[in-house]
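Student: only the shape, not the letters, is given here:
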Ligand SMILES: Cc1ncc(COP(=O)(O)O)c(C=O)c1O
């Protein structure tokens, strides 16, 4: 009887083991299409996950409850954004800087459009150095009225500037802008992309302290938490701050508390730590250098002005990448008038990167 029982037990263990080996078998990437360009930082996500987020029950006055959050979360987030600027950007935000939070940079841009047309009480004309905003604007006009886009530099009220921009990596100083109002998107001005523990837009931050018509937006999506939309807008104009908050209030709850919490946690645990940033920057640098070196062999032209953004902007089409390396990159049409170009994301997961190298060598 005992013998049969042991035999059955062994059989169960063997079956379990086969099943285990089967499910944990490595996926064979060799014939798979590599999707390099969802434009998010996969290799960083790999290294920071799983995040330990514990949700606790609602104990008003202690850990939660809407009244508690209203009272304390803003305070925490403001302190966090100020410290982030001091430690990671070497920037002291002046005491009159208002910080407005929302779901990602995109929402803060819309909030600013809303606030500015309301403050000026007229239809505002905008232009930009980055084509992606024309695309974005097509959607935004459904919710933000009284905003028009113009190609004419001289008659725009607001210039929307991405610095460094995506995908070319161009830095634009406020002194190069003719428009009275400027909205800067600085999502790529981060140690991870620049290798510097200070801003590369120093003129912008100096000017921001002198000129209340400059607005700056940023977010933590480009630091490994793309699904967690947490962005902020900096302004020294009290009226703009008030209208921007009004916009965020209309669109959603005040802001995504979970996004803010994860953003703060990411900062405390990783971003604050210089080595973490530098290690990731070094990975990107190595990949960039490798790409540039091998690109010559494949007759690929690279259009980037600087390589500060995690995209390499090439003269090859998606079809070309698919045919030659079975790699799907993203179209360059947001940035250039032709679809013959594509951008290649260097932040793909390590597994995909190794396979890409095997094909590209
Ligand atoms: C220039 C630029 N700004 C903003 C965003 C989006 O940021 P968020 O996720 O914070 O809305 C992107 C994302 O690709 C971007 O390239």
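Tutor: Thanks, I have the structure now. Since the model is a prediction, treat every value here as computed from it, not as a measurement.
Student: domains of the protein?
Tutor: In the assignment given by automatic domain parsing, the structural domains of the chain cover 2-49+276-360, 70-271.
Student: model confidence over the longest one, on average?
Tutor: Taken as a whole, domain 70-271 carries a mean pLDDT of 88.
Student: how about the helices in this structure?
Tutor: Along the chain, counting by DSSP state H, helices occupy 2-23, 42-48, 66-89, 104-120, 132-140, 191-194, 202-208, 238-251, 257-266, 274-297, 318-325, 350-360.
Student: nearest to residue 98 among those helices would be which one?
Tutor: With C-beta to C-beta as the measure, helix 238-251 is the member of the helices of the chain nearest residue 98 (3.6 Å). C-beta: built from backbone N, CA, C; applies to glycine.
Student: on contacts alone, who are the packing partners of that closest one?
Tutor: Packing contacts for helix 238-251, counted by 3 or more C-beta pairs under 8 Å, 6 or more residues apart in numbering; DSSP states H and E, involve strand 98-102, helix 104-120, strand 231-235.
Student: mind running it again at 10 Å?
Tutor: For helix 238-251, the helices and strands in contact under the criterion 3 or more C-beta pairs under 10 Å, 6 or more residues apart in numbering; DSSP states H and E are strand 98-102, helix 104-120, strand 214-219, strand 231-235.
Student: which residues touch the closest residue to residue 127 other than its chain neighbours?
Tutor: Spatial nearest neighbour of residue 127, excluding adjacent residues (C-beta to C-beta, 6 or more residues apart in numbering): residue 156 at 4.3 Å. Contacts for residue 156 (C-beta atoms under 10 Å, 6 or more residues apart in numbering) come out as 124-128, 148-150, 177-181.
Student: make it 8 Å
Tutor: Applying C-beta atoms under 8 Å, 6 or more residues apart in numbering, one finds that residue 156 lies in contact with 125-127, 150, 179.
Student: in a markdown table, list these along with neighbour count and distance to residue 81.
Tutor: As requested, those are arranged in a markdown table below (neighbours: other C-beta atoms under 10 Å; distance: C-beta to C-beta, whole Å):
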| residue | neighbour count | distance to residue 81 |
| --- | --- | --- |
| 125 | 15 | 30 |
| 126 | 24 | 25 |
| 127 | 23 | 28 |
| 150 | 12 | 32 |
| 179 | 20 | 26 |
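Student: in strands, which of those residues appear?
Tutor: Secondary structure from DSSP state E places 125-127 of the contacts of residue 156 in strands.
Student: for residue 190, see how far away the residue lying closest to residue 90 once chain neighbours are set aside is.
Tutor: Using C-beta to C-beta, 6+ apart and skipping residues adjacent in sequence, the residue nearest residue 90 is residue 198, 3.9 Å away. Taking C-beta to C-beta, to the nearest Å as the measure, residue 198 falls 11 Å from residue 190.
Student: more crowded one of these two?
Tutor: A side-by-side neighbour count of residue 198 and residue 190, using other C-beta atoms under 10 Å, places residue 190 first with 24 against 14.
Student: show the low-confidence segments of the stretch 251-361 of the chain, by residue range.
Tutor: Across the stretch 251-361 of the chain, the ranges flagged by pLDDT under 70 are 252-257, 334-337.
Student: do that again at 80, thanks
Tutor: Residues of the stretch 251-361 of the chain meeting the criterion pLDDT under 80: 252-259, 261, 332-339.
Student: the closest residue to the ligand within it: neighbouring residues, count only.
Tutor: Closest to the ligand within the stretch 251-361 of the chain is residue 309: 8.0 Å, counting by C-beta to the nearest ligand atom. Neighbourhood size, residue 309 [other C-beta under 10 Å]: 25.
Student: swap in the one 4 residues further on?
Tutor: Counted with other C-beta under 10 Å, the neighbours of residue 313 add up to 23.
Student: same question, residue 298
Tutor: Per other C-beta under 10 Å, the neighbour tally for residue 298 reads 12.
Student: list the contacts for it?
Tutor: For residue 298, the contact set (C-beta under 8 Å, 6+ apart) comprises 324, 360.
Student: do the same with residue 180
Tutor: The contact partners of residue 180, taken as C-beta under 8 Å, 6+ apart, are 157-158, 213.
Student: of these, grab the buried ones for PyMOL.
Tutor: Buried residues within the contacts of residue 180, as defined by 16 or more other C-beta atoms under 10 Å, are selected in PyMOL through the command that follows:
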select buried, resi 157+158+213
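Student: of the contacts of residue 180, which is the nearest to residue 258?
Tutor: Proximity of the contacts of residue 180 to residue 258 was ranked by C-beta to C-beta; the top entry is residue 158 with 31.4 Å.
Student: so the closest one sits against residue 124, correct?
Tutor: Yes. Residue 158 sits in contact with residue 124 when judged by C-beta atoms under 8 Å, with a separation of 5.8 Å.
Student: need the overlap of contacts for those two.
Tutor: Shared contacts of residue 158 and residue 124, defined by C-beta under 8 Å, 6+ apart, are found at 113, 116.
Student: from residue 149, how far off is residue 301?
Tutor: Counting by C-beta to C-beta, the separation of residue 301 from residue 149 is 30 Å.
Student: what does this protein have sitting close to the ligand?
Tutor: Applying C-beta under 6 Å from any ligand atom, one finds that the chain approaches the ligand through 39, 104-106, 162, 166, 185, 187, 219, 221, 229, 231.
Student: okay, those in a markdown table with neighbour count next?
Tutor: Conversion of these to a markdown table gives the following (neighbours: other C-beta atoms under 10 Å):
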| residue | neighbour count |
| --- | --- |
| 39 | 16 |
| 104 | 20 |
| 105 | 23 |
| 106 | 18 |
| 162 | 24 |
| 166 | 23 |
| 185 | 26 |
| 187 | 21 |
| 219 | 27 |
| 221 | 22 |
| 229 | 21 |
| 231 | 26 |
